[in-house]
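Novice: The sequence and its predicted three-dimensional model are supplied below.
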Amino acid sequence: MTNPTLLILAGDGIGPEVMGQVTRIIDWYGKNRDLAFDVEHDLVGGAAYDKHGTPLHDDTMAKALAADAVLLGAVGGPKYDDLDFSVKPERGLLRLRKEMDLFSNLRPAQCFDALADFSSLKKDIVAGLDIMIVRELTSGVYFGEPRGIFEEGNERVGINTQRYTESEIDRVARSAFELARRRSGKVCSMEKANVMESGILWREVVQKVRDTDYPDIELTHMYADNGAMQLVRAPKQFDVIVTDNLFGDILSDCAAMLTGSLGMLPSASLGAPNPDGRPKALYEPVHGSAPDIAGQGKANPIACILSFAMALRYSFDQGDEATRLENAVEKVLADGARTADLMGPEDGTPISTTEMGDAILAALD
Ligand code: NAI
Ligand code: MG
């Protein structure tokens with residue numbers, strides 16, 4: 001049997017620092033759990049621009065398409081801010097998303113008990129929270145035509161178009177229902193069917209997919225503005241939320257902050273299934289390259305480590321091993337391990353990126 005393949009694109013800033021801890025954990029799985037990966041490292045973002053003059057080399061793109069999963073650190077930094085738009089580090093990430101056709105973006109919002117005090121909400125509202133937002137990632141108002149700034153009479157008009165085809169809604173709905181089957185079986189779909197035709201179609205198609213192929217799923221619909229209110233009022237009423245690109249962008253950031261630090265938040269972006277049944281997949285922390293702390297050993301590696309846990313679960317069907325890793329993270333937090341982002345100024349001395357990696361490896365042992 002050949003090992004599954006992982007392409008690691010550590011990127012810029014703290015990307016390589018947090019990914020260094022993930023690499024140690026991947027090695028641990030190979031040695032201790034008989035779960036070996038063929039790992040290849042390559043460049044993305046500013047690091048790729050420095051070497052190749054482009055934020056994603058064609059060879060790297062080809063490797064990403066061939067890999068069973070891609071793990072990405074973060075891209076960007078002040079050094080690249082003045083580059084032409086076409087070669088900006090972010091373009092590397094956008095090209096990956098586009099060519100891998102990663103239409104389903106999974107953003108968990110999970111509150112670890114040890115960090116419940118970190119939430120901006122009361123502890124009992126967020127303690128034990130574990131929800132998943134599925135955001136459509138490749139269509140909607142960020143891509144719809146016509147778009148642009150046009151002259152109209154004696155003034156300018158800015159135009160973007162919310163546009164969804166039935167098949168685009170169908171496939172992201174399926175992805176949410178599949179996910180819900182591994183969880184509580186509950187899905188809430190959010191749009192604005194009261195004021196937008198694209199929302200009416202969205203609601204209709206999601207319901208039809210449920211009725212035709214997922215009768216076991218408990219599906220509800222909610223207007224996205226009410227959804228935003230409910231997320232901060234009583235977030236534990238939800239399990240899986242599925243929504244479009246624009247609402248998903250906002251709702252997932254909002255849900256994420258219920259749980260504390262950016263340094264804790266993983267994500268997965270899934271595309272169409274390959275012939276072997278595995279979806280094309282990219283896993284990455286939600287945070288960026290954090291230039292303000294890069295190179296100082298301060299970064300929290302947990303977001304990147306939990307992204308690898310998502311890879312174990314969604315690309316490699318190793319849900320038990322994913323849970324093992326998540327439990328190890330939960331344990332070190334309960335034991336009081338804190339990087340600087342997880343503590344206030346009065347709370348003592350934080351541990352380093354590597355020390356957090358050490359603690360998680362020790363908990364795995
Ligand atoms: P950022 O996420 O890099 O940082 C925001 C704040 O959170 C900073 O104070 C940072 O120190 C802190 N932070 C982020 N991750 C952390 C971690 N793991 N541990 C501890 N603290 C952490 O966002 P910002 O500052 O807006 O952007 C910085 C650069 O990153 C820009 O070039 C931006 O374009 C890029 N970026 C890249 C993303 C990606 O690769 N997916 C996403 C967001 C931003
Ligand atoms: Mg956002």
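Specialist: Noted; the coordinates are in hand. Ligands and ions are numbered 1, 2, ... in the order given.

Novice: For the residue positioned nearest the centre of the chain, give me phi and psi.
Specialist: Nearest residue to the geometric centre of the chain (C-alpha atoms, centre = their mean): Ser267, 1.8 Å. Here is the backbone geometry of Ser267 (degrees, to the nearest 10): phi -150, psi 160.

Novice: hang on, it packs against His287?
Specialist: No - Ser267 is beyond contact range of His287, at 9.9 Å (criterion: C-beta atoms under 8 Å). No exception for glycine: its C-beta is placed from N, CA and C like everyone else's.

Novice: so what's the nearest residue to Gly248 once chain neighbours are set aside bridging to?
Specialist: In space, and not counting its chain neighbours, Gly248 is closest to Arg135: 2.6 Å by C-beta to C-beta, 6 or more residues apart in numbering. Beta-bridge partners for Arg135, by DSSP bridges, are Asn105, Thr243.

Novice: Now do the same for Arg135: its pLDDT.
Specialist: On pLDDT, Arg135 comes in at 97.

Novice: What distance do you get for it to ligand 1?
Specialist: Using C-beta to the nearest ligand atom, to the nearest Å, we find Arg135 at a distance of 14 Å from ligand 1.

Novice: Please tell me how far that residue sits from Glu40.
Specialist: Note on Arg135: its distance to Glu40, by C-beta to C-beta, to the nearest Å, is 28 Å.

Novice: all strands of the chain, in order?
Specialist: Counting by DSSP state E, the chain has strands at residues 5-11, 38-42, 69-74, 104-110, 130-136, 144-152, 155-161, 186-191, 218-223, 240-243, 266-273, 279-285.

Novice: Go through the ones you listed and name the closest to Leu93.
Specialist: Smallest distance to Leu93 across those (C-beta to C-beta): 7.0 Å, for strand 69-74.

Novice: ok, is the closest one in contact with ligand 1 or not?
Specialist: Yes - using C-beta under 6 Å from any ligand atom, strand 69-74 reaches ligand 1 at Ala74.

Novice: Low-confidence ranges, this protein, go.
Specialist: Nowhere does the chain drop to pLDDT under 70.

Novice: Tell me how it divides into domains.
Specialist: With domains defined by automatic domain parsing, the chain comprises 1-106+262-365, 130-257.

Novice: And the shortest one, how far out from the chain middle?
Specialist: A distance of 16 Å separates the C-alpha centroid of domain 130-257 from that of its chain, computed with C-alpha atoms, centre = their mean, to the nearest Å.

Novice: now do stretch 358-365
Specialist: Distance, stretch centre to chain centre, for stretch 358-365: 24 Å (C-alpha atoms, centre = their mean).

Novice: Show me what from the stretch 101-250 of the chain comes close to ligand 2.
Specialist: Within the stretch 101-250 of the chain, the positions near ligand 2 by C-beta under 5 Å from the ion are Asp249.

Novice: For ligand 1, what's its nearest residue on the stretch 101-250 of the chain.
Specialist: Of all residues in the stretch 101-250 of the chain, Asn105 sits closest to ligand 1, at 11.5 Å by C-beta to the nearest ligand atom.

Novice: Within range of ligand 1, give me the residues from the stretch 101-250 of the chain.
Specialist: Counting by C-beta under 6 Å from any ligand atom, the stretch 101-250 of the chain has no residue next to ligand 1.

Novice: wait, what's in contact with the residue in the stretch 101-250 of the chain that ligand 2 sits nearest to?
Specialist: Nearest residue of the stretch 101-250 of the chain to ligand 2 (C-beta to the ion) works out as Asp249 at 4.6 Å. The contact partners of Asp249, by C-beta atoms under 8 Å, 6 or more residues apart in numbering, come to Arg135.

Novice: how does it look with 10 Å?
Specialist: Asp249 makes contacts with 105, 107, 133, 135, 137, 140-142, 243, as judged by C-beta atoms under 10 Å, 6 or more residues apart in numbering.
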